[in-house]
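> Let's see this in three dimensions:
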Amino acid sequence: MRRLALGLDMGPYVLFLKEKMRDVSDASLEFVVNSCLTLYLF
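Numbers count the residues shown, from 1 in each chain. Okay, here's the model as predicted:
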């Protein structure tokens, strides 16, 4: 049984921000890369 796992996730994400003080909406498209390393104890 393997106790170590490596994961990778990448792709475009749309981030939507809204400021309450000025009531301004902003949407931006960003390319994000996420990686994870998982260690199984049991």
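> which residue is nearest the middle of this structure?
Asn34 (5.9 Å; Cα atoms, centre = their mean).
> Which helix or strand contains the residue nearest to Leu15 when sequence neighbours are not counted?
Spatial nearest neighbour of Leu15, excluding adjacent residues (Cβ to Cβ, 6 or more residues apart in numbering): Ser28 at 5.3 Å. Yep, even glycine has a C-beta here, placed from its N, CA and C like the rest. Secondary-structure element containing Ser28, defined by DSSP states H and E: strand 24-39.
> Relative to the whole chain's centre, how far out is that strand?
When distances are taken as Cα atoms, centre = their mean, to the nearest Å, strand 24-39 is centred 3 Å away from the chain's centroid.
> Just checking: what are the partner strands of it?
strand 4-19 (antiparallel) (DSSP bridges).
> from the chain's centre, how far out does the strand it pairs with sit?
Per Cα atoms, centre = their mean, the centroid offset for strand 4-19 relative to its chain is 3 Å.
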